[in-house]
Structures are given as structure tokens and as C-alpha cells.
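J.: can you look at this prediction? I've put the sequence above it.
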Amino acid sequence: MNTHKDINMKTIKYLHGTKILSAISLVFSSFGFTSESIALCNTCSDQQMQSKAIQYAPNGGKVHVIDYTGNRIKAFQTEREEGLLMYWPIPVKQAIKTSVNQAKQVSNTIKDLANGQVTIDHLRPFLGSYTNIASAHSVAKSVYEKQAIQQALSDYFTGNVAGALTSATVTLGNSIINQVLAVQMAVDVAFPSDGTTYTFKFKGVIKNLNGKVSIAFEPVAFSGRDKGIMLSEGNYSGYQARGSSEALQRIINHMVQSGVKVYIEGRIYNGGTVIINDIICSDEPPKGCKASK
């Protein structure tokens, strides 16, 4: 059933094909509005924000368009009447303004926590049965240790932003939140006992079936480092390393612990401190690896 509305405002714009008209006031009939949307339009002009609103509500509705990087929010109402698409600005809801500010608060907190060094000691309260993780050498080799750390990172970061994150997600939705947060962010987890690191990257915001909102991370394959030397994640087949003798010492010790044969000057290495310059492993695992002094 149609309802009649008398609109009196400064400007109402009409789209009919490519023609745009303006009017001071008019009377028209329309169906009631039910659609409400939120769209992201970063570094957009006013015209681009209007176009985004039309894109999201081509048959009528209310659209909030957020320019997150430009720190702007605009709201529009669109309506289609006998082939004409009309749109005009409407007030921005306070709840949207509040949620965008909360999203920025979450983003800034995440960046601050990530920029400050995250050590395995920060994560130990969240590691459950894996509290004894002490080196990126073992993390590189273990799927289970990676999973334990990524869950601990989720708990650690979510715990610092839980209230603002939940509130912003409820209002803006997961899709918008995932777009505005620092999706390229990476966190280097440091292991003070030996100076190694392993990198995890921000995966997104997840809303569980119970309504709980959390920040998710995932490991970056082959990101383990010991004084800049990449750590192996497999059986050392074809692995090569050159750099700090101290780091190479730790690498060959982990090789031996993994059952890999290490030869130094033709003799099998059975432990002890050695000074070496590089490690070259055979493509055939049974042949082991050679470390050169």
C-alpha cells in the first residue's frame, strides 16, 4: 500500500539514466522504507559517497557511507518512484559515529600492542598445556605449537579490546570491521631464551555461534628466524643456512634432536660447541647435512 509524503528540504536529487534534476520541494508517493545498509568508501569524494549509497540501495533504503581513512561519515536515503531514483542526505546516527570511533580505538590498540614486542612470556597465561614453548626452532617444526600460539595471540589481543570490539561489530558488522582494521598487520612473537622469532599475521575478526567476537591470527609459513637466518619447517631436505655461528650452532643442535645426521669436516657431529660458517643439507634426507667451519 502506498503512503504519501510531503518532502520539504533544501535539495532532493533524482537519477533517471544519466540525467540529474534538483527540486526545492515536491509531493510524491512511495513504499515505506525498510532497507538499511552500511558501506565503506575510503578517500572518497562527496559524489563517490553518493554513488556508493545508490549502489547499496538502488531500490530504496537508508545507507550510511563511511570514509574511514578520511574520517567522514555521510548518510543518505534513496527511493525509486516510477523509474526515477531519488536520493537525499539524512542525519548520521550517533550509534554509527560511536562504533566507528570504537573501531579506531580497537585498531590503534592492536597496532600499539603489535609495535611493542610481543614475547612468548606475554602469551604464557593463554598457552594451556603448551606453556613450555621456548624457541621458534620448535614452533617452526610443530603444527600444534603454532596453533597454541595463534590461539594465545587471539586471547591476548581480544582481551585488550573486547568491549569496544564487540560493540563496534554489533553495529557495523563483521565485514566492515574486517575492512577497517589493520588487516596487513603482522606480529613477531619473540623468544627471549634464544632470541628467535616467529611471525603471525592478523586474519580477521570472527564472531562465534555464541555471539563472542574475537581477533584471529594465523602463522606465516617459513617466518621463523634465528639472528636473521630462516628456520626449516620440514625434514631439512635441501635446507641451507649461512650467518651467525651462534645461530648455526642452535640449528645443528635442533637437527641432531630431530634425528638428522650432521657432518663437520667429514665427521658426524655428536654435540658440543663448534664454530661454523654455513650449513648445506642434501636433497636426500638420509644423507644428512654438512656444516663447514
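T.: Done, it's in. Bear in mind that the values here come from a model prediction, so they are computed numbers and not experimental data.
J.: how about residue 109: what's its closest non-neighbour residue?
T.: In space, and not counting its chain neighbours, residue 109 is closest to residue 161: 5.1 Å by Cβ to Cβ, 6 or more residues apart in numbering. Placement of C-beta: from N, CA and C, glycine included.
J.: max-length helix in the chain?
T.: As assigned by DSSP state H, the longest helix anywhere in the chain is helix 143-172.
J.: and the pLDDT at the residue nearest to residue 109?
T.: Residue 161 carries a pLDDT score of 92 in this model.
J.: that one: what's it in contact with?
T.: Neighbour list for residue 161: 105, 106, 109, 110, 215 [criterion: Cβ atoms under 8 Å, 6 or more residues apart in numbering].
J.: check which residues of stretch 178-192 are buried.
T.: By 16 or more other Cβ atoms under 10 Å, the buried positions in stretch 178-192 come out as 178, 179, 180, 181, 185, 187, 188, 189, 190, 191.
J.: next SSE downstream of the helix or strand of the chain with the lowest mean pLDDT?
T.: Of all helical and strand segments in the chain, the minimum by mean pLDDT, DSSP states H and E falls on strand 19-30, at a mean of 32. Using DSSP states H and E, the next helix or strand after strand 19-30 towards the C-terminus is strand 36-40.
J.: that next one pairs with which strands?
T.: Looking at strand 36-40 with DSSP bridges, its partner strands are strand 61-67 (parallel).
J.: now the angle between helix 143-172 and the strand it pairs with, please.
T.: Relative orientation of strand 61-67 and helix 143-172, computed by axes from the mean of the first three to the mean of the last three Cα atoms, to 10 degrees: 120 degrees.
J.: could you export strand 61-67 as PDB, CA atoms only?
T.: Extracted C-alpha coordinates of strand 61-67, given in PDB (Å, rounded to 0.1, in the frame of the first residue of the first chain):
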ATOM      1  CA  GLY A  61      16.600   2.500   1.600                       C
ATOM      2  CA  LYS A  62      18.900   4.200   4.100                       C
ATOM      3  CA  VAL A  63      22.700   4.000   3.700                       C
ATOM      4  CA  HIS A  64      25.500   5.100   5.900                       C
ATOM      5  CA  VAL A  65      28.700   5.600   4.000                       C
ATOM      6  CA  ILE A  66      31.900   5.600   6.000                       C
ATOM      7  CA  ASP A  67      35.200   7.100   4.800                       C
END
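J.: quick one: it to chain centroid distance?
T.: Computed by Cα atoms, centre = their mean, to the nearest Å, the chain-centroid distance of strand 61-67 equals 24 Å.
J.: with stretch 228-242 instead?
T.: In this view, stretch 228-242 has its centroid 28 Å away from the chain centroid, taken as Cα atoms, centre = their mean.
J.: end to end, how far does that stretch reach?
T.: In stretch 228-242, first residue to last residue: 10 Å (Cα to Cα, to the nearest Å).
J.: now do it, average pLDDT.
T.: Average pLDDT, stretch 228-242: 95.
J.: can you list the buried residues in it?
T.: By 16+ other Cβ under 10 Å, the buried positions in stretch 228-242 come out as 229, 231, 232, 233, 236, 239, 241.
J.: nearest spatial neighbour of the second one, skipping sequence neighbours?
T.: Spelled out, it's residue 231. Using Cβ to Cβ, 6+ apart, the closest residue to residue 231 is residue 224 (3.5 Å).
J.: would you map the helices across the stretch 51-200 of the chain?
T.: All helices of the stretch 51-200 of the chain, identified by DSSP state H, counting those that start in this stretch, fall at 94-115, 120-123, 136-141, 143-172, 174-180.
J.: next, format these as CSV and append distance to residue 64.
T.: What follows is the helices of the stretch 51-200 of the chain, written out as CSV (distance: least, Cβ to Cβ, whole Å):
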stretch, distance to residue 64
helix 94-115, 5
helix 120-123, 37
helix 136-141, 43
helix 143-172, 9
helix 174-180, 10
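J.: out of those, which is the most enclosed?
T.: Counting by mean count of other Cβ atoms under 10 Å, helix 136-141 has the highest mean neighbour count of the helices of the stretch 51-200 of the chain, with a mean of 24.
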